[in-house]
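> compute the structure for the input listed below.
(2 chains)
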Amino acid sequence: METMSGLQGALGGVLIGLSATLLMGLLGRIAGISGILSGLIFDRGGDRPWRLAFLLGLVSGPALLMLTGSGLGNTAAGTGVVGLPVAGPLLMLAGGLLVGLGTGLGSGCTSGHGVCGLARLSPRSMAATLVFVLVAMLTVFVSRHMLGGSV
Amino acid sequence: MKALAGYLAGLLFGLGLAVSGMTDPARVIGFLDVAGAWDPTLIFVLGGAVVTTFIGYRLVWRRQAPVLDVRFQLPTRRDLDGRLLGGAALFGIGWGLTGYCPGPAVASLPGLSWPLALFLVAMVSGWWLARRSSPAH
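Below you'll find the model as predicted:
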């Protein structure tokens, strides 16, 4: 089970890498989700059509796996493709705000800094990735093991 | 053609997130929970993605320009500043509290729930706030 989950993780990672390569090769753009989607919502101009199409593609990937009942999901529970939120409504609100604010101020998220930035060997992305991974680990440690929260 | 390219890239990205299990916040928190029953899956996802992108970028950069546009648009800054690191830290807190970063949160729309809808609305509000405080806007 553990091996299978790692293999599926690597396979999914390769697909994400192919996506980033395709976007760079065809449009010359970084595959950063926060940049693409916030740009779609807040920027005017010629980038809107491909950004909207990217959003539709991003959503249709998991939707296709769900509709075809392919059994290709890799949730921790072992069933389905999209897992349910584990945090309650208030934490989801606060967390969403922090994720939006943080990726907006920090110019990127797990995809833009974590995948594309590391692949470009960008010092800014390496620093940002190190910071958000360590802070997220610390946050989970505090909320799970010190405060004993539900998350 | 640009829209088709965008769709294909989005589709591959969404399939990658779903196949790897990153559309499950329990998996992501399992990785972040180093003091608990640690789940290494995310390392394989990030590793597979970074190695593929590293090779892929170097192949496509052999061209003078991308196929459907006039130039590659790459960030040029190399300095570290408070905005970058502070933003990354805020993002890390939100990621740790929920197990969602932007890609998986949006890719999970086909399994939409109320808490996820709240997250998405709050995330977009956060983007708006960040842009308001940005010197460029």
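
> any weak-confidence spans in chain A?
A:1, A:149-151 (pLDDT under 70).

> okay, and A:Ser34 sits in which element?
helix A:33-42 (DSSP states H and E).

> next: B:Phe44.
Using DSSP H and E, B:Phe44 falls in helix B:41-60.

> show me the contacts for the most centrally placed residue in chain B.
Central residue of chain B (Cα atoms, centre = their mean): B:Gly103, 4.7 Å from the mean position. Listed by Cβ atoms under 8 Å, 6 or more residues apart in numbering or on different chains, the contact set of B:Gly103 reads A:33, A:58, A:109-111, B:13, B:17, B:22. (Each C-beta comes from the backbone N, C-alpha and C, glycine too.)

> list the buried ones in the helix or strand just after the helix holding B:Phe44?
Using DSSP H and E, the next helix or strand after helix B:41-60 towards the C-terminus is helix B:82-98. Of all the residues in helix B:82-98, those buried under the rule 16 or more other Cβ atoms under 10 Å in any protein chain shown are B:83-85, B:87-98.

> hmm, A:Gly96 and B:Ala122 touching each other?
Yes - checked against Cβ atoms under 8 Å, the pair B:Ala122 and A:Gly96 is within contact range at 3.1 Å.

> which of these two has more neighbours?
Set side by side, B:Ala122 and A:Gly96 show more neighbours around A:Gly96, with 29 against 22, by other Cβ atoms under 10 Å in any protein chain shown.

> tell me how far the helix or strand that contains that one lies from the chain's centre.
Assessed by DSSP H and E, A:Gly96 sits inside helix A:89-105. Offset of helix A:89-105 from its chain centre (Cα atoms, centre = their mean, to the nearest Å): 14 Å.

> then it to CSV, C-alphas only?
The C-alpha coordinates for helix A:89-105 follow below in CSV (Å, rounded to 0.1, in the frame of the first residue of the first chain):
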residue,chain,number,x,y,z
PRO,A,89,-15.4,25.9,8.6
LEU,A,90,-13.6,28.5,10.7
LEU,A,91,-10.2,27.0,10.1
MET,A,92,-10.9,26.7,6.4
LEU,A,93,-11.8,30.4,6.3
ALA,A,94,-8.7,31.5,8.2
GLY,A,95,-6.5,29.0,6.3
GLY,A,96,-7.9,30.1,2.9
LEU,A,97,-7.2,33.8,3.7
LEU,A,98,-3.7,33.0,4.8
VAL,A,99,-3.0,30.9,1.7
GLY,A,100,-4.3,33.6,-0.6
LEU,A,101,-2.5,36.5,1.2
GLY,A,102,0.7,34.5,1.6
THR,A,103,0.9,33.3,-2.0
GLY,A,104,-0.1,36.8,-3.2
LEU,A,105,2.6,38.5,-1.2
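
> can that helix be said to contact chain B?
Yes - legend: contact between helix A:89-105 and chain B by Cβ under 8 Å from any Cβ of the partner chain is shown at A:89, A:91-105.

> the following helix or strand past that helix and chain B in contact?
Following helix A:89-105 in sequence order, the next helix or strand is helix A:118-119 (DSSP H and E). Yes - Helix A:118-119 comes into contact with chain B (Cβ under 8 Å from any Cβ), by way of A:118-119.

> show me what helix A:118-119 is packed up against.
Contact partners of helix A:118-119 among helices and strands, from 3 or more Cβ pairs under 8 Å, 6 or more residues apart in numbering or on different chains; DSSP states H and E: helix A:123-140, helix B:41-60.

> out of these, nearest to A:Gly9?
Checking the helices and strands packed on helix A:118-119 against A:Gly9 by Cβ to Cβ gives helix B:41-60 as the closest, at 3.5 Å.

> chain center to the closest one: distance?
Helix B:41-60 has its C-alpha centroid displaced from the chain centroid by 13 Å (Cα atoms, centre = their mean).

> okay, buried residues for it please.
B:41-42, B:44-54, B:56-57, B:60.

> the closest residue to A:Ala76 other than its chain neighbours: neighbour count?
Take A:Ala76 and drop its neighbours on the chain: the residue closest to it by Cβ to Cβ, 6 or more residues apart in numbering or on different chains is B:Ala26, 4.2 Å away. By other Cβ under 10 Å, 16 other residues sit near B:Ala26.
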